[in-house]
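J.: build me a model from this:
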Amino acid sequence: MGNAEPIKLKENGNNGHNGLASANGAARIYAFHRVVSRFYFVVQVLADIVVITGSMLLGYEFYHMLYAKVGLGKGFQPFEMYLRLTLITNVILLLIFERQGLYRRTISIMNIEEIKGIFKAVALAALILFTASFYFQDITYSRLIVTYSLIFLLGFLNLERYIFFKIFQHLYTKGIGVRRALIYGAGEAGQMLAERFVRSPRQGVLPIGFLDDNEKLWGKKIKSRSDEVRYNLPVFGGFDNMEEIAVSHKIDEVFISIPSVPQTRVAEIIRRCEEISLKFFYIPNLFEYKLQSIAIESLDGVPLITVKESHINWWYLLVKRIMDLTIASTLSVAFSPVFAIIAFLIRRDSPGPIIFKQERVGLNGKRFLMYKFRTMYVDTPKYAVTPNCKGDPRITKVGRFLRRSSLDELPQLLNVLKGEMSMVGPRPEMPFIVETYSGIMNARLKVKPGITGLWQISADRAKQIHDNIDYDLYYVENCSPLLDVVIMIRTVFMAFKGKGAF
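T.: Numbering: from 1, shown residues only. This next block holds a predicted model:
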């Protein structure tokens with residue numbers, strides 16, 4: 001997304017109460033946003049119906065194409081029967097989508113939750129349809145047609161949601177159907193909040209800029225630290241000119257995110273928002289904890305804030321290990337000719353060993369030797385800073401190709417077979433970096449490191465791992481076999497695009 005600069009709207013010339021909307025005016029604004037939200041919902045449902053219907057019919061046509069050419073199947077299937085199946089599938093999937101929260105304005109890193117939701121919904125729909133065909137013998141739907149249709153559903157539903165994300169993103173940057181917001185607090189917590197809003201345009205909140213009590217920040221711009229989410233927002237001023245700024249930039253609401261100040265100061269800001277009829281939200285002091293580690297519970301209607309406990313179930317670890325062994329052994333056999341070719345090219349390109357070994361830190365802080373194909377000259381310091389540009393002179397000609405295609409990571413399949421790594425997980429760090437970990441950063445060590453992971457498939461891959469802890473914290477808190485599958489699929493697409501490291 002491009003930089004989210006303040007959107008200039010036409011002034012209305014109303015100076016009554018400094019031009020700020022009254023409580024009734026604010027109610028009308030939120031009524032309008034509810035209408036926009038419902039419109040988006042209706043359009044999304046209609047698009048889902050079109051995709052579901054199209055995928056089912058495409059599965060029907062694909063079956064008959066294969067039957068006509070190679071004789072795969074049990075003969076011609078009546079079209080009317082599959083129209084009824086298409087209607088039934090629409091009803092089933094739309095209900096599952098609603099229950100999975102796919103029509104809510106949720107926030108997740110790289111839309112991972114939405115992708116997981118689609119996989120779960122299609123898998124559950126498949127279970128229902130195949131179970132129905134087993135118990136109701138009078139139902140003679142072709143399982144091949146249903147299978148083809150479900151495969152098309154997975155692909156086209158994800159494509160449709162991606163297109164909708166881009167549409168929302170475009171409307172968001174144009175300021176269409178959004179609530180214009182100020183963030184009071186330009187520190188880490190406020191920047192984190194701005195990142196969440198920009199990352200998820202469906203939330204409908206467009207951050208216009210910051211307010212802050214630190215006068216040294218006034219007039220400066222705060223730039224996002226992530227390449228995955230981009231913004232460049234000004235710090236307009238502080239408490240005394242909050243009303244003036246709200247008027248001039250047509251602000252709908254303020255998010256108060258200043259965890260380090262006394263509660264009396266927060267109370268002053270809240271009272272000021274009430275005086276000028278400006279809707280506000282307050283983000284409480286989360287101390288040293290990241291957003292992913294905070295949970296909100298209720299005690300007889302009283303909201304309580306606590307720290308999430310990470311529960312990694314034994315069955316997940318068992319399934320993950322089986323997946324690791326199966327995938328790693330299969331890939332090792334399948335890529336054995338590639339290993340031989342790469343080894344030949346490395347040896348021919350520059351003198352030195354084929355395999356590069358480096359000590360890394362894994363599960364629970366245990367150290368191990370990680371293997372990679374050598375991509376740099378042998379005189380490069382073993383624990384030097386990772387290359388962050390294409391022209392780094394330390395990288396060999398073959399190494400440049402291996403890093404861009406991620407083929408240099410293939411020897412880590414041996415680490416997976418040995419149980420030191422997993423196919424998916426946080427990237428293992430070097431010991432001297434782990435020694436600087438404090439507090440929440442140690443959560444990365446609760447799971448096995450992986451060959452690929454959320455950080456590895458993000459736009460922040462070129463930056464340091466420890467500077468992008470949010471990806472790993474999200475994975476630790478949400479790890480599941482399905483999440484691993486989604487990440488591996490995204491990794492394959494990224495490798496084909498050539499978006500590896502420098």
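J.: quick one: contacts of stretch 212-223?
T.: 184-187, 190-191, 194, 210, 231-239, 258, 261, 265 (C-beta atoms under 8 Å, 6 or more residues apart in numbering). In short, each C-beta sits where N, CA and C put it, glycine included.
J.: put the buried members of those residues into a PyMOL selection.
T.: Typed into PyMOL, the line below selects the buried ones among the contacts of stretch 212-223, using 16 or more other C-beta atoms under 10 Å:
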select buried, resi 184+185+186+187+190+191+194+210+231+233+234+235+236+237+238+258+261
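J.: among the contacts of stretch 212-223, name the ones in helices.
T.: Per DSSP state H, helices hold the following members of the contacts of stretch 212-223: G190, Q191, A194, R265.
J.: in JSON lines: those, plus distance to A123 and pLDDT.
T.: As requested, those are exported to JSON lines (distance: C-beta to C-beta, whole Å; pLDDT from 0 to 100):
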{"residue": "G190", "distance to A123": "39", "pLDDT": "88"}
{"residue": "Q191", "distance to A123": "37", "pLDDT": "88"}
{"residue": "A194", "distance to A123": "35", "pLDDT": "88"}
{"residue": "R265", "distance to A123": "50", "pLDDT": "89"}
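J.: and the gap between V254 and I469?
T.: Using C-beta to C-beta, to the nearest Å, we find V254 at a distance of 28 Å from I469.
J.: more crowded one of the two?
T.: Using other C-beta atoms under 10 Å as the criterion, V254 and I469 rank with V254 on top: 24 against 18.
J.: tell me which element that one is part of?
T.: strand 253-256 (DSSP states H and E).
J.: how about that strand as CSV, C-alpha atoms only?
T.: What follows is strand 253-256 as a C-alpha-only set of coordinates in CSV (Å, rounded to 0.1, in the frame of the first residue of the first chain):
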residue,chain,number,x,y,z
GLU,A,253,-12.5,9.6,16.2
VAL,A,254,-9.4,9.6,18.3
PHE,A,255,-7.5,6.5,19.5
ILE,A,256,-5.6,7.2,22.8
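J.: mind listing the helices for this protein?
T.: 23-70, 79-100, 112-135, 143-173, 188-199, 242-248, 263-275, 314-334, 336-349, 397-405, 412-418, 431-434, 469-478, 481-497.
J.: quick check: domain ranges of the chain?
T.: By the assignment in automatic domain parsing, the chain contains the domains 35-172, 178-307, 314-497.
J.: and L414, how many neighbours does it have?
T.: 16.
J.: burial measure for V36, as a count.
T.: Neighbours of V36 (other C-beta under 10 Å): 16.
J.: how about it: what's its closest non-neighbour residue?
T.: Spatial nearest neighbour of V36, chain neighbours left out: G177 (4.0 Å); criterion: C-beta to C-beta, 6 or more residues apart in numbering.
J.: could you do I451 as well?
T.: In space, I451 is closest to Q412, 4.8 Å off (C-beta to C-beta, 6+ apart).
J.: residues in contact with that neighbour?
T.: Here Q412 is in contact with M370, Y371, K372, M421, I451 (C-beta under 8 Å, 6+ apart).
J.: and the pLDDT for the last one?
T.: Reported pLDDT at I451 in the predicted model: 93.
J.: residue contacts, it?
T.: I451 neighbours (C-beta under 8 Å, 6+ apart): E409, Q412, L413, N415, V416, M421, S422, M423, V424.
J.: tell me the predicted confidence for the fourth one.
T.: Read that as N415. What the model reports as pLDDT for N415 is 96.
J.: roughly how far does it sit from A328?
T.: Using C-beta to C-beta, N415 is found at 9 Å from A328.
J.: kindly report the same for the third one.
T.: Relative to A328, L413 is positioned 5 Å away (C-beta to C-beta).
J.: tell me which other helices or strands the strand holding V254 touches.
T.: strand 179-184, helix 263-275, strand 279-282 (3 or more C-beta pairs under 8 Å, 6 or more residues apart in numbering; DSSP states H and E).
J.: residues of the shortest one that come out buried?
T.: The neighbour-count criterion (16+ other C-beta under 10 Å) identifies K279, F280, Y282 as the buried residues of strand 279-282.
J.: parallel or antiparallel, list what pairs with it.
T.: In the sheet, strand 279-282 lines up against strand 253-256 (parallel) (DSSP bridges).
J.: and the strand it pairs with, how far from the chain's centre?
T.: 25 Å (C-alpha atoms, centre = their mean, to the nearest Å).
J.: which residues touch it?
T.: The contact list for strand 253-256, computed with C-beta under 8 Å, 6+ apart, reads 179-185, 190, 193, 205, 211, 242, 246, 266, 269-270, 273, 278-283.
J.: mean confidence score for it?
T.: The pLDDT scores in strand 253-256 average 92.
J.: just name the shakiest helix or strand of this structure by mean pLDDT.
T.: When the helices and strands of the chain are scored by mean pLDDT, DSSP states H and E, strand 294-299 comes last with a mean of 67.
J.: looks like L154 contacts F119 (just checking).
T.: Yes - with contact defined as C-beta atoms under 8 Å, L154 counts as touching F119 (7.0 Å).
J.: if I pick I163, what's in contact with it?
T.: I163 touches nothing, counting by C-beta under 8 Å, 6+ apart.
J.: with M65 instead?
T.: Contact criterion C-beta under 8 Å, 6+ apart gives no residues in contact with M65.
J.: got it, and I92?
T.: By C-beta under 8 Å, 6+ apart, I92 lies in contact with A125, I128, L129.
J.: repeat that with 6 Å
T.: A125, I128 (C-beta atoms under 6 Å, 6 or more residues apart in numbering).
J.: so how far is Q203 from it?
T.: 28 Å.
J.: same check on Y377?
T.: Counting by C-beta to C-beta, the separation of Y377 from Q203 is 48 Å.
J.: now swap in L57 and tell me
T.: Per C-beta to C-beta, L57 is found 34 Å from Q203.
J.: then R404?
T.: R404 is 35 Å from Q203, by C-beta to C-beta.
J.: what do you get for T380?
T.: Counting by C-beta to C-beta - T380 and Q203 are separated by 45 Å.
J.: leaving out chain neighbours, which residue sits closest to D349?
T.: Here the residue nearest D349, using C-beta to C-beta, 6+ apart, is V398, at 4.2 Å.
J.: pretty sure that neighbour contacts L345?
T.: Yes - with contacts counted by C-beta atoms under 6 Å, V398 reaches L345, the gap being 4.8 Å.
J.: among the contacts of Q412, which two are most distant?
T.: K372 and M421 (11.7 Å; C-beta to C-beta).
J.: the two: who's more crowded?
T.: Neighbour tally, K372 and M421, criterion other C-beta under 10 Å: the higher count belongs to M421, 27 against 18.
J.: hang on, the more buried one packs against P449?
T.: Yes - M421 is in contact with P449 according to C-beta under 6 Å; the separation is 5.3 Å.
J.: what's the neighbour count on D472?
T.: Neighbours of D472 (other C-beta under 10 Å): 27.
J.: got the contact list for the closest residue to it other than its chain neighbours?
T.: Nearest non-adjacent residue to D472, counting by C-beta to C-beta, 6+ apart: P426, 4.0 Å away. Listed by C-beta under 6 Å, 6+ apart, the contact set of P426 reads R444, P449, G453, D472.
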